[in-house]
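**Student:** Build the 3D model from these lines:
(chains A and B, ligands or ions: 2)
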Amino acid sequence: MQYEFDWGMLLRSPYFGWIVEGVLTTFHLALLSWVLALTLGIVIGIFRVTNSRALRVIGTAYVELFRNIPLIVQLFLWLYVAPQLLPTETRLWWNRLDYVPYWTAVIGISFYTASRVAEQIRSAILAIPPGQFKAALSTGLTTTQTYRFVIVPYALRIILPALTSEFLTIFKNTALALTIGVVEITATTRKIEAWSFRGIEAYTVASLTYAATTILVVVFMSWLERRYYIPGLIRREREAA
Amino acid sequence: MPDPIVRVEDVGLRFDKFTALDGVSLSVETGQCIVICGPSGSGKSTLLRCINGLERFQAGEVFVDGVRVRDNTDLPKLRRGIGMVFQHFELYPHMTVLENITLAPIRAKGVPRAQAEKLARDYLERVGIADQADKYPGRLSGGQQQRAAIARALALEPKVMLFDEPTSALDPEMIAEVLYVMRDLARGGMTMLVVTHEMGFAREVADEVIFMDRGRVVERSGVKEFFTAPRADRTKEFLNKILVKF
Ligand SMILES: Nc1ncnc2c1ncn2[C@@H]1O[C@H](COP(=O)(O)OP(=O)(O)O)[C@@H](O)[C@H]1O
Ligand SMILES: [Mg+2]
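**Tutor:** Ligands and ions are numbered 1, 2, ... in the order given. Predicted structure coming up:
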């Protein structure tokens, strides 16, 4: 029996609406998780290299914990186990929220990704000449200002290429959210298949969403890299030559 | 007699078992230019870092402009009054020269941006690289970078400037342009403590020369006596070595 394609069905109700919603869910889940992961990752990355032993221990514990448990296991832990540890009041409030699986996915994905970002930040900071800290401190900036205005912007520029691939990973990792009931684009695809038995068309939409976004992100990031490239850093000069 | 701007009293500093500073004392009066020289590893950089609180010392006292430098000192405030220039410039490579200079005035001193930029351009003018303001440090020659770094320190409008071998990483033709700026500063009345082996500079503008060895001040004297009649044998030895070299 020959399979007959029906691409038009993707534009018909209810499928079209589902697809739009699925794509949007994937997008904001990825972006929100990314913003949180980046922020938390920078903080934990700094913890890993500060002079404070206590902060270093916290940073290391965080990274080891979140980096070494598979993301899918973490999602289940956040969904089923973590709420049990909350005080009753808080747990009831949490369970009454409208999009518990969604928020669970945001937390799970961003906490996991933050551990990976933190490692990037840590190695970037270690690669920055110690004289940069001394210079910034010697002008009267506080330690926090030194990180905020000198060290972190410098570190982010060093790891921009690595951050691109972290973002692409987070974007693809959003597909795991379907395991805890978030209807992002992959889950939507499965739903369409179940209703219409048109798997090929449906999965094509999902694949295209990921592929198109990947291309957009890569283009955007290479623009960012050019925009924020540091003139005279040896590595870059060699590439340019 | 007014209190000296910098007063170091019997400072001792150890890294684990290694004694980097051993009972160092010195003072710098307003308007003085004092040169410190001595072999590598004798503790010169460490001493400068004690003065602006970048390094903790275990014994003795340091006073800067009447403020005692110790653990509970407001270090950012102290450092805003002390300009520091490093051997390797340490400009922030991801900021333009202008941004390098305005960062601390804006963030640490709360100077409005427009005013900070005006100030930065004035100091760039003074060190002779007004036309480099909008470039990144990586696009400047070593001599220009060091002059930008001097402008960054001057923009704090400090009471004293610390120089840590400011010309040691430079090619000979660039050393002259940096020394020119430093001489200009010294003659303009800036209080300066300069670690350098540029003995020509010392002869011309220093009020006193301090010779350090193994964490101690071996000799401190006026420029003339230092070069013509050094007292300690170690100083003689050292002078022979570097005066032959240069
Ligand atoms: N953070 C540190 N830890 C251990 N030893 C250090 C440290 N900083 C400097 N030293 C040591 O202290 C001595 C003095 O160093 P330094 O002040 O840099 O000398 P100089 O500037 O005169 O060359 C050197 O032997 C150096 O190895
Ligand atoms: Mg030194």
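**Student:** Quick check: B:Glu61 is in a helix.
**Tutor:** No - assigned with DSSP: H, G, I helix; E, B strand; the rest coil, B:Glu61 falls outside any helix and is strand.
**Student:** what's around it, how many residues?
**Tutor:** A count of nearby residues for B:Glu61, using other Cβ atoms under 10 Å in any protein chain shown, gives 14. No exception for glycine: its C-beta is placed from N, CA and C like everyone else's.
**Student:** any idea of the pLDDT on it?
**Tutor:** Each residue has a pLDDT score; the one for B:Glu61 is 96.
**Student:** show me what contacts it?
**Tutor:** Counting by Cβ atoms under 8 Å, 6 or more residues apart in numbering or on different chains, B:Glu61 touches B:Arg7, B:Val8, B:Glu9, B:Asp10, B:Val11, B:Arg68, B:Val69, B:Arg70.
**Student:** ok, so of those residues, who is nearest ligand 1?
**Tutor:** B:Val11 (12.3 Å; Cβ to the nearest ligand atom).
**Student:** A strand includes the closest one, no?
**Tutor:** Yes - secondary structure of B:Val11 (three-state DSSP): part of a strand.
**Student:** In space, what's closest to it - neighbours in sequence excluded?
**Tutor:** Leaving aside its chain neighbours, B:Val11 sits nearest to B:Gly60 (3.6 Å; criterion: Cβ to Cβ, 6 or more residues apart in numbering or on different chains).
**Student:** ok, that neighbour to chain A distance?
**Tutor:** From B:Gly60 across to chain A, the span is 21 Å (Cβ to the nearest Cβ, to the nearest Å).
**Student:** Equivalent analysis for B:Arg152, please.
**Tutor:** Distance check for B:Arg152 against chain A: by Cβ to the nearest Cβ, it reads 7 Å.
**Student:** got a list of what the residue lying closest to that residue once chain neighbours are set aside touches?
**Tutor:** Spatial nearest neighbour of B:Arg152, excluding adjacent residues (Cβ to Cβ, 6+ apart): B:Ile101 at 4.7 Å. For B:Ile101, the contact set (Cβ under 8 Å, 6+ apart) comprises B:Ala116, B:Ala120, B:Tyr123, B:Leu124, B:Ala148, B:Ala151, B:Arg152, B:Ala155.
**Student:** which residues does the closest residue to ligand 1 within chain A contact?
**Tutor:** When scored by Cβ to the nearest ligand atom, chain A has A:Pro130 as its residue closest to ligand 1, at 9.4 Å. Applying Cβ under 8 Å, 6+ apart to A:Pro130 gives no contacts.
**Student:** Can you name the residues that contact whichever residue of chain A sits closest to chain B?
**Tutor:** At 1.5 Å from chain B, A:Gly232 is the closest residue in chain A, using Cβ to the nearest Cβ. A:Gly232 makes contact with B:Pro93, B:Tyr136, B:Pro137, B:Gly138, B:Arg139, according to Cβ under 8 Å, 6+ apart.
**Student:** Most neighbours among the residues you listed, please name it.
**Tutor:** Top of these by neighbour count (other Cβ under 10 Å): B:Pro137, with 23 neighbours.
**Student:** My guess is that residue contacts B:Phe89. True?
**Tutor:** Yes - using Cβ atoms under 8 Å, B:Pro137 makes contact with B:Phe89 at a distance of 7.2 Å.
**Student:** Show me where chain B has its strands.
**Tutor:** Applying DSSP state E to chain B gives strands spanning B:6-15, B:18-28, B:33-37, B:59-64, B:67-68, B:82-85, B:160-164, B:192-195, B:208-213, B:216-222.
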